[in-house]
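1. Pasting the sequence and the predicted coordinates here, then a few questions.
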Amino acid sequence: MASYLEKVNEIREGLSEALKSIGVQAEFDVAEPPNPQFGDISTNAAFQAAKAARRPPQELSRDIASALKLRDPEEVAVAVHPSGFINFTLTPPFYTRLLSELLEKRGFGEIGVGKRRVVIEHTSVNPNKALHVGHARNAVIGDVLYRLMRRLGHDVTVLNYIDDTGVQVADMLLGFFRMGFPLSTDMKFDHYCGDVVYVKVEEEVEKNPELLQERSRILKELEEGGAEYERAKGIIEAVVREQLKSVWQLGIRYDLLNWESHFLHYGYWKNMFETLKEKGLIKYETEGKNKGCWVLKGTKVLVRSDGTAVYTAKDITYAAWKLGILDDMFKYCEFAKQPDSTTLYTTCFDGKAGYRYTPADETYILIDQRQEPLQRLVKEVVEALSPGKSYNVLAYGLVSLSGSTASKLGVNAEGKKYVHMSGRSGVYYNLDDLLLELTKAARRTMDERGSRVKDPDATAKAIAVASIRYALVRQDLEKQIVFDIDESLKLEGDTGPYLQYTYVRARKILERTSEEGVPDAARLASEEERALMLELSKLTYSLLDAYRSFSPSRVAGYARRLAVAFNVFYEKHRVLDEQDANVRLARIALVRAFSYAFEDVLNVLGIPLVEEL
RNA sequence: GGGCCCGUAGCUCAGCCAGGAUAGAGCGUCGGCCUGCGGAGCCGGAGGCCCCGGGUUCAAAUCCCGGCGGGCCCGCCA
């Protein structure tokens, strides 16, 4: 398939041969130049080789260029720049081949990078509350990563882990069965549990030590599977089902739900404990402050002196199961049908669903930065136990609320730039509320602009989803995000709706013509047309780069650049009213090729495609 | 005390991993562009000790060291 990636590889190989033929050895880069005046692809090979050859790079660059033999010389123009760089420019024959292949295959088709067995865990929100915008960042990044991996041809499974034996669950039980909160409510159940019950219980626990004792008793029963666990089950499941409704609206889906209690009750931890002892990864302390505990790396207690396991021990167990270090003993049941028509499975005790878990070659876990140190520990342990496999920890910066947004929620933010969210104290912005506000804002904008789409509510929702997903995925992972609701409601500029609007423009052109288009790049000679074709050619190059650097934000960056290139072309050149038939047909081919590639990228980002706004 | 992340235009962020050729977007601001395929767009102006100081290099926003500022983690909590 014709692509930028193909050409970069071809040039890299050619340069290696060329250097060999003039008797110089050197590492070099083949990269995108900073400025179009330096061509489309560029190399610093002459600079890198200069030292070994003891010759000035300027002189060397001419020799390298003349020794260079490319597979398809007519598709790349080579230029030696006086500075010493060798620059390459893609030519019309290359672009003609690119366009015809895009039209023929309706896009780039498969990307051959080798199929790996990949498992991604994301979302994993405690089952006692609704998702807030911080959780949404986790889920959206995880989902884009999933879509990216799948697009690259990997065999991907998405997991969502539910901590159903933790303090938060115990607190819900306190709320419902000690403090007397009714189980039925008019509110969405996850909101009710998080906004009302949980917050009130936390307040009460602060001043009532009796409840604290009761809480630890409940916790123990949850772990052992006693009566408290039995009555918690239904409540937890109800919350999880509401949480799923929220993420499904964003186009996010999973393959399997994992429950902490199942890992305990199936006896996985027992096996893990034995494995850790056998491999000598943990030691029993007979003196000092950790006397009576099993300790990892001399500092981290995994098993308390009373024999119970700490949270990190459960994390290690889960990670080991993902990678196949522990044999899969689970039974599986169907949990739900998802909006994308796939089935969501769950582990269970009496299942007969035809699901089978296959251990991963590489796993990914999405966590916020605060949990990074512990997950690194988990990584160290499981990678030591399974050579050749990788456990990748993707940590992202916290999402906090801007001072003004916090104030709107009734939080005293007195002149602060931002405020951290906290489930315990009820300071957070819910995903459902955001989606609702954004849908209303989109609808208002549509009305203002006289939109006449068939289903305005569905379109407004699609705009809201695009807006949220793009906003949460466009920053680099490490960056903290300060969430501001007023800022989020804007639909112009560097946003998801900008991408949707660009797509609509292309679709409208194609809708209004019955001509097929002729992929003849010789007729697309303007700066804007060349720039658009160049950007188009970079799709696979960009997706691969995003994968290699674990950076979903790069997909967003590419989508944006591709859209800009199209809009610049669109403003400058007419397609359907072009009188020269050859040019018109070539432009139609270009627009069609663009629409295929753009659909492809928007699908990776999970941005809903709309035909009109 | 130990460790992790961030610091680039008034604001939000790319570029740093793989050093290179005038440091790029969006928002805001100032000024242009629709009898035309959808103006949620496009073009242009103003706006930058790339946090500071050293070092490595022919070449540093980018690599190394030391500071400063902001955020976070370091429990027989979860």
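-> Received, thanks. Keep in mind it's a predicted model, so treat the numbers as computed, not measured. Numbering: from 1, shown residues only, chains lettered A, B, ... in the order given.
2. alpha carbons only for contacts and neighbour counts from here, please
-> Noted.
3. Do a quick rundown of the strands in the stretch 401-550 of chain A.
-> A:418-420, A:481-483 (DSSP state E, counting those that start in this stretch).
4. What lies in contact with the first one?
-> Under the contact criterion C-alpha atoms under 8 Å, 6 or more residues apart in numbering, strand A:418-420 has outside partners A:399-403, A:406, A:413, A:427, A:482.
5. near RNA strand B too, which of these?
-> Counting by C-alpha under 7 Å from any atom of the strand, A:Val482 from those sit close to RNA strand B.
6. Select only the buried ones of the contacts of strand A:418-420 in ChimeraX?
-> In ChimeraX syntax, the buried subset of the contacts of strand A:418-420 is picked out as below (16 or more other C-alpha atoms under 10 Å):
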select /A:399,400,401,402,403,406,413,427,482
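7. could I get the contacts of strand A:418-420 as JSON lines with pLDDT?
-> Shown next, in JSON lines, are the contacts of strand A:418-420 (pLDDT from 0 to 100):
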{"residue": "A:Val399", "pLDDT": "96"}
{"residue": "A:Ser400", "pLDDT": "95"}
{"residue": "A:Leu401", "pLDDT": "95"}
{"residue": "A:Ser402", "pLDDT": "93"}
{"residue": "A:Gly403", "pLDDT": "91"}
{"residue": "A:Ala406", "pLDDT": "93"}
{"residue": "A:Ala413", "pLDDT": "84"}
{"residue": "A:Val427", "pLDDT": "93"}
{"residue": "A:Val482", "pLDDT": "95"}
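8. picking that back up, deepest in the core, which of the strands of the stretch 401-550 of chain A is it.
-> strand A:481-483 (a mean of 20; mean count of other C-alpha atoms under 10 Å).
9. That one - which strands sit beside it in the sheet, and in what orientation?
-> In the sheet, strand A:481-483 lines up against strand A:399-402 (parallel) (DSSP bridges).
10. and the helix or strand bottoming out on mean pLDDT in chain A, what other elements does it pack with?
-> Least confident helix or strand, chain A: helix A:45-53 with a mean of 86, by mean pLDDT, DSSP states H and E. Here helix A:45-53 touches helix A:57-67, going by 3 or more C-alpha pairs under 8 Å, 6 or more residues apart in numbering; DSSP states H and E.
11. Against which helices or strands is the helix it packs on packed?
-> Using 3+ C-alpha pairs under 8 Å, 6+ apart, helix A:57-67 sits against helix A:4-21, helix A:45-53, strand A:76-80.
12. Could you tell me the per-residue confidence at the residue of the stretch 51-200 of chain A found nearest RNA strand B?
-> Proximity of the stretch 51-200 of chain A to RNA strand B (C-alpha to the nearest atom of the strand) peaks at A:Gly166, 3.4 Å away. For A:Gly166, the model assigns a pLDDT of 90.
13. rank the helices and strands packed on helix A:57-67 by mean pLDDT and give me the bottom one.
-> helix A:45-53 - the lowest mean pLDDT of the helices and strands packed on helix A:57-67, at a mean of 86.
14. Pull the distance from that helix to the chain's centre.
-> 39 Å (C-alpha atoms, centre = their mean, to the nearest Å).
15. what about it and RNA strand B, any contact?
-> Yes: Helix A:45-53 is in contact with RNA strand B by C-alpha under 7 Å from any atom of the strand, via A:47-48.
16. can you give me the angle that helix makes with helix A:57-67?
-> Angle of helix A:45-53 versus helix A:57-67, following axes from the mean of the first three to the mean of the last three C-alpha atoms, to 10 degrees, is 110 degrees.
17. Would you mind naming what in the stretch 501-613 of chain A lies close to RNA strand B?
-> Going by C-alpha under 7 Å from any atom of the strand, the residues of the stretch 501-613 of chain A near RNA strand B are A:501-502, A:504-505, A:508-509, A:545, A:549, A:554, A:557, A:564, A:567-568, A:570-577, A:611-613.
18. can you pull the buried residues of the least confident helix or strand of chain A?
-> Under 16+ other C-alpha under 10 Å, the buried positions of helix A:45-53 are A:45-50, A:53.
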